[in-house]
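Novice: fold the following.
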Amino acid sequence: MRPCDPNSAFFGFMGIAASSIFSNLGAAYGTAKSGVGVCSVGVMRPDLIMKSILPVVMAGVLGIYGIIMSILIYGKMTPAQDYSTFSGYTHLASGLIVGLSSLAAGLAIGIVGDAGVRANAQQNRLFIGMILILVFSETLALYGENSGARLSAMDG
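Specialist: Below you'll find the predicted structure:
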């Protein structure tokens, strides 16, 4: 069995890092931006605080997507395996797909969450519309997770 090419391992570990870093950046931004809206709603309408926490929870899930992909990639990087350059590149691409799609979803959730909970405090009928937009924003990260998992499963 030939040893692992160091460059391949570097790209694989960069995929792990990219997945975790960018997913958590998206989760942090979405949580912070939505949290500002929740605090604003707490001043205007304290009875709507629990309803308004939904965007914060949805943003927090984005970090979990990055952790899942990091674990999937790391599971393919055992030293006993023949880790090719192709595998390193696919794992880098997988990490970037998941990380950047979660970052984009976090940006969308943060902006929609902030504006949505403030609008909901003024008109209750906007709640369902806010939920729909949040769900569609979250699917960006879910599509990235699906694509990244399929790509990381390729053998090279």
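
Novice: can you give me the helices in the chain?
Specialist: For the chain, applying DSSP state H gives helices covering 6-44, 49-52, 54-75, 85-122, 127-152.

Novice: need the winner for burial among those helices.
Specialist: Per-stretch averages of neighbours, counted by mean count of other Cβ atoms under 10 Å, single out helix 85-122 among those, with a mean of 24. All C-beta spots, glycine's among them, are computed from the backbone N, C-alpha and C.

Novice: so how far is that helix off the chain centroid?
Specialist: In terms of Cα atoms, centre = their mean, to the nearest Å, the centre of helix 85-122 is found 5 Å from the chain centre.

Novice: would you confirm that residue 154 contacts residue 88?
Specialist: No: counting by Cβ atoms under 8 Å, residue 154 sits too far from residue 88 to count as a contact (11.9 Å).

Novice: below-threshold pLDDT in the chain: ranges please.
Specialist: 1-4, 78-81, 156 (pLDDT under 70).

Novice: burial count for residue 46?
Specialist: The tally of other residues near residue 46 (other Cβ atoms under 10 Å) stands at 8.

Novice: residue 28 contacts residue 109, doesn't it?
Specialist: No: judged on Cβ under 8 Å, residue 28 makes no contact with residue 109 at a distance of 11.3 Å.
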